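Asker: coords please:
(one chain, ligands or ions: 2)
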Amino acid sequence: MALSVAFDTDPGIDDALALILALRSPEIRLALVTTVAGNGPLDMTTRNAVRVLDYLGAAHVPVAAGAAAPLQKKFRGALSYHGPDALGQVPLPEGRTQIEPRVAPDLLFEFAAAAPGERILVATGPLTNIAHAFQRHEEMPSLLKAVIIMGGAFRLTSYGTGNQTPYAEFNIWQDPDAAHVVFRSGVPMIIVGLDVTNDPSSALNAADLAQLREGSSRAATLTADLLEYALRDHEYCFMHDPLALATALDDTLFEFTTGEVDVVTRDDEERGRTVLLPAGSRSNGHAVAKVASSVDGPRFRELFLSRVLEG
Ligand code: BDR
Ligand code: CA
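Answerer: Numbers count the residues shown, from 1 in each chain. Ligands and ions are numbered 1, 2, ... in the order given. Got it, this is the predicted structure:
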């Protein structure tokens, strides 16, 4: 039976690619999409989520907006990479889906509480909504099967250094206080950081774009348009968010290191730095996480491209 997944996201080019992968993957059922300010402001990321879902025939998936700003820090987007609309200015019509009147944290809680221990939350933006949900509903961490997080740079490979600063990955840097709440919550975590997502063997390139242009489905067209924008100024389109989702599709694509994760919340040069310590090194509530330490890049790319192109 397909795994029920809620997707908390800030689309974003690679967030949109992850949504496409989710909608094309029989292993999971996309039950809820919640949006957060991250790559762009909240109204932009919400509009993008709705446009992507609607275009791909998934207007039935409920979309709820969440936090417009991090817990404590000031909001800063990433439009210089993702484009002025945060979605590479791809020609997508406006979506018709109505945004849920209720806020993301409450809907995320209800999603988890509907089947305790069975449901997965995938978070591909700053962790603000998840932190709000955990703060408002203290039992929520114990209700989830796992949270899959795209975030962090743990120096487990030569790629595991920051992309926002030399120390920090963007999602965690944007809201380190939220990451702190989630890391200490006790929720089972699977974390996919830059250690694997910046590995070029898992990134898409111009040859992949040419292959996608041969597809005729809406998924193939949208994927190609997003990729084309990302490749304008870069040799690779890194697949940060689709890689996080892929742990729920086929975890044999990855190797993991287990340990306790922590984050620097101070607003200095180390802000957002993530560390992985051996399990049991601290006794003050740090959760044990599975952190991705390598990826079979070619096999991941084959999975992604075949899902997008098939049918
Ligand atoms: C993460 O930051 C965002 O720009 C991407 O969407 C991804 O979630 C990578 O650091
Ligand atoms: Ca993202």
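Asker: where does the prediction get shaky in this structure?
Answerer: Segments of the chain classed as low confidence (criterion: pLDDT under 70) are 282-287.
Asker: flag every residue of it that's near ligand 2.
Answerer: Along the chain, the residues adjacent to ligand 2 under the rule C-beta under 5 Å from the ion are 10, 12, 15, 124-125, 241. Placement of C-beta: from N, CA and C, glycine included.
Asker: host element of residue 116?
Answerer: Under the criterion DSSP states H and E, no helix or strand holds residue 116.
Asker: would you map the helices across this structure?
Answerer: Along the chain, counting by DSSP state H, helices occupy 13-23, 42-55, 79-82, 104-113, 128-136, 140-143, 170-174, 176-183, 194-197, 206-213, 218-231, 240-249, 297-309.
Asker: so which of the ones you listed is the most packed in?
Answerer: With neighbours defined as mean count of other C-beta atoms under 10 Å, the helices of the chain peak in mean count at helix 170-174, which reaches a mean of 30.
Asker: that helix: how far from the chain's middle?
Answerer: With C-alpha atoms, centre = their mean, to the nearest Å as the basis, the distance from the averaged C-alpha position of helix 170-174 to the chain average is 12 Å.
Asker: can I get the helices of the chain in JSON lines with distance to residue 96?
Answerer: Compiled in JSON lines, the helices of the chain are given as follows (distance: least, C-beta to C-beta, whole Å):
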{"stretch": "helix 13-23", "distance to residue 96": "17"}
{"stretch": "helix 42-55", "distance to residue 96": "6"}
{"stretch": "helix 79-82", "distance to residue 96": "23"}
{"stretch": "helix 104-113", "distance to residue 96": "20"}
{"stretch": "helix 128-136", "distance to residue 96": "24"}
{"stretch": "helix 140-143", "distance to residue 96": "31"}
{"stretch": "helix 170-174", "distance to residue 96": "29"}
{"stretch": "helix 176-183", "distance to residue 96": "31"}
{"stretch": "helix 194-197", "distance to residue 96": "33"}
{"stretch": "helix 206-213", "distance to residue 96": "26"}
{"stretch": "helix 218-231", "distance to residue 96": "15"}
{"stretch": "helix 240-249", "distance to residue 96": "25"}
{"stretch": "helix 297-309", "distance to residue 96": "24"}
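Asker: which of these sits closest to residue 93?
Answerer: Comparing these by their distance to residue 93 (C-beta to C-beta), the top pick is helix 42-55, with 6.8 Å.
Asker: hey, C-alpha coordinates of the closest one in PDB?
Answerer: As requested, the backbone C-alpha atoms of helix 42-55 are provided in PDB (Å, rounded to 0.1, in the frame of the first residue of the first chain):
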ATOM      1  CA  LEU A  42       5.300  32.800   1.300                       C
ATOM      2  CA  ASP A  43       2.800  34.100  -1.200                       C
ATOM      3  CA  MET A  44       5.200  33.200  -4.000                       C
ATOM      4  CA  THR A  45       6.000  29.700  -2.800                       C
ATOM      5  CA  THR A  46       2.300  29.000  -2.200                       C
ATOM      6  CA  ARG A  47       1.400  30.200  -5.700                       C
ATOM      7  CA  ASN A  48       4.100  28.000  -7.100                       C
ATOM      8  CA  ALA A  49       3.000  24.900  -5.300                       C
ATOM      9  CA  VAL A  50      -0.600  25.400  -6.500                       C
ATOM     10  CA  ARG A  51       0.500  26.100 -10.100                       C
ATOM     11  CA  VAL A  52       2.600  22.900 -10.200                       C
ATOM     12  CA  LEU A  53       0.000  20.700  -8.700                       C
ATOM     13  CA  ASP A  54      -2.800  22.100 -10.900                       C
ATOM     14  CA  TYR A  55      -0.700  21.800 -14.100                       C
END
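Asker: enumerate the residues of this protein near ligand 1.
Answerer: When proximity is defined by C-beta under 6 Å from any ligand atom, the chain lies next to ligand 1 at 12, 14-15, 39, 78, 124, 150, 163, 169-171, 240-241.
Asker: chain neighbours aside, what residue packs nearest to the closest residue to ligand 1 within the stretch 201-311 of the chain?
Answerer: Of all residues in the stretch 201-311 of the chain, the one sitting closest to ligand 1 is residue 240 (4.0 Å; C-beta to the nearest ligand atom). Using C-beta to C-beta, 6 or more residues apart in numbering and skipping the chain neighbours, the partner closest in space to residue 240 is residue 197 (4.2 Å).
Asker: surely that neighbour is in contact with residue 237?
Answerer: No. Using C-beta atoms under 8 Å, residue 197 makes no contact with residue 237, being 11.2 Å away.
Asker: what's the first-to-last distance across stretch 106-126?
Answerer: Between the opening and closing residues of stretch 106-126 we find a distance of 17 Å, counting by C-alpha to C-alpha, to the nearest Å.
Asker: how far away from the center of its chain is it?
Answerer: On the basis of C-alpha atoms, centre = their mean, stretch 106-126 is displaced by 14 Å from the centre of the chain it belongs to.
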